[in-house]
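Trainee: coords below, sequence missing:
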């Protein structure tokens with residue numbers, strides 16, 4: 001497969017540095033993220049790192065449970081027997097288990113391996129399964145490294161060097177950032193990219209949502225997902241969504257919708273941006289915003305329309321902020337809104353996102369919440385079109401592409 005040859009050597013230092021930093025620490029290292037985002041490649045690259053660090057290959061065991069191989073274990077007991085036939089797990093042993101959720105009662109085996117002193121690394125495509133179920137067994141002795149599709153700076157590194165950034169950005173908006181898709185852009189058969197993205201989506205939807213949670217009415221779930229993807233960046237709530245779907249002929253409750261939203265988040269199809277009150281710094285329970293983990297998958301579910309650009313921009317900025325800072329929230333400022341706030345080492349930074357600052361009304365609207373905050377922490381307006389100034393009364397103004405590439409320079 002191309003995943004083993006073409007792009008496994010394209011470094012993703014942002015994640016590899018975190019994985020390597022976990023080496024030897026007394027935690028199970030958990031890599032989670034949407035299918036096909038590169039978890040398996042990173043785990044194999046870490047195996048190569050161990051070998052290059054003069055760790056004997058006899059002390060490293062890598063197993064991929066997403067492969068069609070009848071000889072692989074399928075239960076926790078079979079897994080332990082298989083590992084014991086290869087090595088005696090203990091200190092100085094490195095055990096790498098890829099897509100471990102395909103093993104029945106896998107957490108029993110992982111807990112035993114951890115207790116034996118082995119350095120254990122696992123990947124999986126459902127965040128709740130890996131974090132909550134394993135944390136229950138290990139009482140917090142696990143750390144999670146979330147792997148996302150390519151950021152734009154990573155995407156540039158995956159594409160041909162002679163293409164200008166504007167061209168690459170158009171491709172990125174249209175097809176998203178799954179590594180296989182990025183590399184296929186420059187290969188024969190790129191016209192099959194929509195089918196490739198669709199195949200990934202249907203696999204995630206079927207295996208990580210429908211099958212895992214035994215959904216009895218998938219039509220409601222699919223309509224919910226379509227609603228979210230059509231309205232990325234809009235404030236909404238389970239009650240509002242249930243009312244909309246009921247009015248459209250799919251009767252459901254807000255409790256069901258909240259559960260379904262959590263399932264979609266666990267499968268990494270969507271991400272939630274919670275709202276914070278600027279005065280109390282408490283999270284508000286009324287409405288949240290939702291964003292697509294990958295824009296290519298978003299466009300399969302809700303085909304792109306020109307007036308989607310504002311939501312698409314917010315989506316890209318949100319994903320980038322999560323990539324850089326780990327999380328981002330929406331800030332409610334006395335009824336107005338700052339699109340995003342992040343807190344880096346206790347020092348908040350604020351971000352507004354808009355297509356253009358070309359007219360006075362838009363400029364005033366975007367700057368007003370910053371003025372109302374009344375502190376001196378960094379504030380940035382990110383635009384699609386380049387603005388004539390790069391600073392307005394201490395507020396930075398930067399074009400989206402330039403901002404995305406800052407971490408790449």
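Mentor: Sure, I can see it. As the structure is a computational prediction, the values presented were derived from the model and not from experiment.
Trainee: What residues sit buried inside stretch 320-332?
Mentor: Neighbour counts using 16 or more other C-beta atoms under 10 Å place 320-323, 328-332 of stretch 320-332 among the buried residues. Every C-beta, even on glycine, is put in place using the N, C-alpha and C of the backbone.
Trainee: got TSV for those residues, with distance to residue 12, secondary structure and pLDDT too?
Mentor: Shown next, in TSV, are the buried residues of stretch 320-332 (distance: C-beta to C-beta, whole Å; DSSP: H, G, I helix; E, B strand; the rest coil; pLDDT from 0 to 100):
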residue	distance to residue 12	secondary structure	pLDDT
320	15	helix	98
321	18	helix	97
322	15	helix	97
323	11	helix	97
328	20	coil	96
329	26	strand	95
330	28	strand	95
331	30	strand	94
332	35	strand	92
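Trainee: Which pair of the residues you listed spans the longest distance?
Mentor: 323 and 332 (23.9 Å; C-beta to C-beta).
Trainee: which regions of the stretch 101-250 of the chain lie under the pLDDT threshold?
Mentor: 128-133, 135 (pLDDT under 70).
Trainee: Which parts of it are helices?
Mentor: Here the stretch 101-250 of the chain has its helices, by DSSP state H, counting those that start in this stretch, at 106-115, 127-128, 134-138, 152-158, 165-175, 179-184, 193-203, 212-213, 218-230, 238-247.
Trainee: Turn those into CSV, columns for distance to residue 406 and mean neighbour count.
Mentor: CSV is the format used below for the helices of the stretch 101-250 of the chain (distance: least, C-beta to C-beta, whole Å; neighbours: other C-beta atoms under 10 Å):
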stretch, distance to residue 406, mean neighbour count
helix 106-115, 38, 20
helix 127-128, 28, 16
helix 134-138, 35, 16
helix 152-158, 8, 20
helix 165-175, 12, 17
helix 179-184, 20, 22
helix 193-203, 28, 17
helix 212-213, 38, 16
helix 218-230, 28, 19
helix 238-247, 36, 17
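Trainee: Which one, of those, ends up nearest to residue 33?
Mentor: helix 127-128 (8.1 Å).
Trainee: Spatially central, which residue of the chain would that be?
Mentor: residue 148 (3.6 Å; C-alpha atoms, centre = their mean).
Trainee: Contacts only, for that one.
Mentor: By C-beta atoms under 8 Å, 6 or more residues apart in numbering, the residues touching residue 148 are 33-34, 37, 177, 293, 319, 322-323.
Trainee: So residue 106 sits against residue 80, correct?
Mentor: No - the criterion here is C-beta atoms under 8 Å, and residue 106 misses it with residue 80 at 10.6 Å.
Trainee: and this structure, what are its domains?
Mentor: 2-146, 305-409 (automatic domain parsing).
Trainee: quick one: buried residues of stretch 37-50?
Mentor: Across stretch 37-50, burial judged by 16+ other C-beta under 10 Å covers 37-47, 50.
Trainee: Among those residues, give me the pair with the biggest separation.
Mentor: Maximum distance among those (C-beta to C-beta): 21.9 Å, for 37 and 50.
Trainee: tell me the phi and psi of the residue nearest to the centre of the chain?
Mentor: Torsion angles at residue 148 (phi, psi; degrees, to the nearest 10) stand at phi -110, psi 170.
Trainee: same deal with residue 375?
Mentor: Torsion angles, degrees, to the nearest 10, at residue 375: phi -120, psi 180.
Trainee: What of residue 66?
Mentor: phi -100, psi 0.
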